[in-house]
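A.B. asks: need coordinates for the following:
(one chain, ligands or ions: 3)
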Amino acid sequence: MSTLIVLGSQWGDEGKGKIVDLFSQKFDFVTRYQGGHNAGHTVQVGDQKFVLKLIPSGVLHPNVRVVIGNGVVIDPRALLDEIEMLERAGIDPRRQVSISSRAHVIFPFHRLVEKVSEARPDRVAIGTTSRGIGPCYEDKIARRGIRVADLLNTGNFETLYALLAEDKQTLANAFGIKGVINYDEILADYKRMAEKIRPMVCDTAQLLNDAIRLGKRVLFEGAQGTMLDIDHGTYPFVTSSSAAAGGACTGTGVPPTSIDGIVGVSKAYITRVGGGPFPSEDKGEDGEKIREAGLEFGSVTGRARRCGWFDIPLMRYTAMINGFDSLIVTKLDVLDGFDEIKVCTAYKAHGVVIETMPAENLLLEQIEPVYETLPGWPEPTSGITTFSELPKNAKDYIEFLERRTGVEVGCVSTGPERMETIIRPGSKLERLLA
Ligand code: GDP
Ligand code: IMO
Ligand code: MG
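C.D. replies: Numbers count the residues shown, from 1 in each chain. Ligands and ions are numbered 1, 2, ... in the order given. Here you go, the predicted model:
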């Protein structure tokens, strides 16, 4: 095995950061392929906690090279801040980071456009992270975006910037927010930042393909989750990039024929931040209990995450979209002490059981979850590292999820730290990591 995609199988925050950091020990490269600093990937090492937003979660291993692929959108200010944050912690990320010359650049006016669009009274707010992610991808798709390569080519940058700024000024005028953006200041600031990132920029598609040809091992780190994917998620309550497995190829330039394995990360329950349908949401006491035990508050925006029960139809859908070889179930310890654990095993729409994920949001909003209830376990699972040591009911729960989703659970996480992890012997995941 030389390449592996690790991605979120729900609505994000599944614990990808912890898992990618742990698996990174076995890889030479870790690359992000989509999203931007809307992501918040937490890695806990002892009493140190890192929240990585743009830089791949392999960076804490000094011998791992980390790549920001072409599918990512980069706010240079956020990137430099993150580099400084790591430097303050004694890490030297400039040595490890490579940035795609084909990645698109976020500007401050992207954030402003997003704010205005989210506040429009005629629209239901998506509840975005307000990082300018969506508007930057809009410019990319509209073929007027500015890429890192353009940013580094001063003459060309000024021309492209003038065109983009004119476009945004027209938009700002239409929204009645004239004069709040200082375009010249932004230009000067971006020229300065371009020089700081220049040494890290290269053709990362070439870098990764050459590495794979030489037998190096590459881990692809998804951001967000499949249900937030622009095509396959709960549109329009999604992010603006391809978070699902296909995005790993378009977002890095590594072809599908070079991918050896794909694994999904899922919580032992489910959460969502922001608006949009959520069939197995628990707005009652149990949801609150999960939020408290799981510390379910956003790592980027601090917003309380909506909490609910494991959703089997959703997982079957995301397993189909991604072709999961194996599933990693995180935060099992958060369910410790529940008398009963509910699992959404089917959807009912207007009294009819449906087997597939509806495309219509309105229908998804109206869906009634069908629950089955499993017995909980009073014993703590925190920090357990072998499957056989888990309480019987916890093992039964994991095996129930496996049976109903049709995907093996190759790994169970029992705490935020690296060692608080079970890799199941004989699993496909174990073979993929060998
Ligand atoms: P990501 O965006 O998928 O990387 O996930 P986040 O970092 O946003 O959120 C996951 C949170 O759960 C972080 O605070 C992690 O430190 C924490 N976490 C990860 N795995 C476990 C686990 O197995 N148990 C517990 N209790 N916390 C975990
Ligand atoms: P990680 O990688 C959870 C959600 C936002 C909002 C929607 C669109 O940490 O799992 P955006 O700013 O991307 O345009 O917002 O997507 N969202 C996330 N939710 N985890 C994330 O990233 C998210 N990134 C975006 O809350 O509902
Ligand atoms: Mg997160």
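A.B. asks: contacts only, for Pro380.
C.D. replies: Contact partners of Pro380, counting by CB atoms under 8 Å, 6 or more residues apart in numbering, are 333, 336. C-beta here means a position set from N, CA and C on the backbone, and glycine is covered the same way.
A.B. asks: kindly report the same for Ile422.
C.D. replies: By CB under 8 Å, 6+ apart, Ile422 lies in contact with 384-387, 390, 411-414.
A.B. asks: go with 10 Å
C.D. replies: Ile422 sits next to 328-329, 332, 381, 384-390, 398, 409-414 when contact means CB atoms under 10 Å, 6 or more residues apart in numbering.
A.B. asks: again, but for Asp167
C.D. replies: If a contact means CB under 10 Å, 6+ apart, then Asp167 has 109, 139, 142, 144 as its contacts.
A.B. asks: gap between the third one and ligand 3?
C.D. replies: Summarising the geometry, the distance separating Ala142 from ligand 3, computed by CB to the ion, to the nearest Å, is 28 Å.
A.B. asks: gap between that residue and Asp167?
C.D. replies: Using CB to CB, to the nearest Å, one gets 9 Å for the distance from Ala142 to Asp167.
A.B. asks: quick check: closest non-adjacent residue to Thr129.
C.D. replies: Spatial nearest neighbour of Thr129, excluding adjacent residues (CB to CB, 6 or more residues apart in numbering): Asn38 at 4.1 Å.
A.B. asks: what's the burial count for that neighbour?
C.D. replies: By other CB atoms under 10 Å, 26 other residues sit near Asn38.
A.B. asks: so, low pLDDT: which residues of the stretch 151-300 of the chain?
C.D. replies: Applying pLDDT under 70 to the stretch 151-300 of the chain flags the ranges 179.
A.B. asks: so where do the helices sit in it?
C.D. replies: Assigned by DSSP state H, counting those that start in this stretch, the helices in the stretch 151-300 of the chain fall at 154-174, 183-197, 204-213, 246-250, 285-293.
A.B. asks: CA atoms only: put the longest one into PDB for me.
C.D. replies: Right, helix 154-174. Provided in PDB are the C-alpha atoms of helix 154-174 (Å, rounded to 0.1, in the frame of the first residue of the first chain):
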ATOM      1  CA  THR A 154       3.800  40.400  -9.900                       C
ATOM      2  CA  GLY A 155       2.900  42.000 -13.300                       C
ATOM      3  CA  ASN A 156       0.200  39.500 -14.100                       C
ATOM      4  CA  PHE A 157      -1.100  39.600 -10.500                       C
ATOM      5  CA  GLU A 158      -1.700  43.300 -10.700                       C
ATOM      6  CA  THR A 159      -3.700  42.900 -13.900                       C
ATOM      7  CA  LEU A 160      -5.800  40.000 -12.600                       C
ATOM      8  CA  TYR A 161      -6.300  41.700  -9.300                       C
ATOM      9  CA  ALA A 162      -7.500  44.900 -10.900                       C
ATOM     10  CA  LEU A 163     -10.100  42.900 -12.800                       C
ATOM     11  CA  LEU A 164     -11.300  40.900  -9.800                       C
ATOM     12  CA  ALA A 165     -11.400  44.100  -7.600                       C
ATOM     13  CA  GLU A 166     -13.500  45.900 -10.200                       C
ATOM     14  CA  ASP A 167     -15.900  43.000 -10.200                       C
ATOM     15  CA  LYS A 168     -16.200  43.000  -6.500                       C
ATOM     16  CA  GLN A 169     -16.600  46.800  -6.400                       C
ATOM     17  CA  THR A 170     -19.600  46.400  -8.800                       C
ATOM     18  CA  LEU A 171     -21.000  43.800  -6.400                       C
ATOM     19  CA  ALA A 172     -20.400  45.900  -3.300                       C
ATOM     20  CA  ASN A 173     -22.100  48.800  -5.000                       C
ATOM     21  CA  ALA A 174     -25.100  46.600  -5.800                       C
END
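A.B. asks: on that earlier part again, which of the helices of the stretch 151-300 of the chain is buried the deepest?
C.D. replies: helix 246-250 (a mean of 22; mean count of other CB atoms under 10 Å).
A.B. asks: off-centre distance for it?
C.D. replies: Offset of helix 246-250 from its chain centre (CA atoms, centre = their mean, to the nearest Å): 14 Å.
A.B. asks: that helix packs against which elements?
C.D. replies: Other elements packing on helix 246-250 under the criterion 3 or more CB pairs under 10 Å, 6 or more residues apart in numbering; DSSP states H and E are strand 3-8, strand 218-221, helix 312-322.
A.B. asks: export these to TSV and append columns for distance to Leu171.
C.D. replies: As requested, the helices and strands packed on helix 246-250 are exported to TSV (distance: least, CB to CB, whole Å):
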stretch	distance to Leu171
strand 3-8	32
strand 218-221	33
helix 312-322	34
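A.B. asks: check whether stretch 214-226 contacts ligand 2.
C.D. replies: Yes. Against ligand 2, stretch 214-226 shows contacts by CB under 6 Å from any ligand atom at 223-225.
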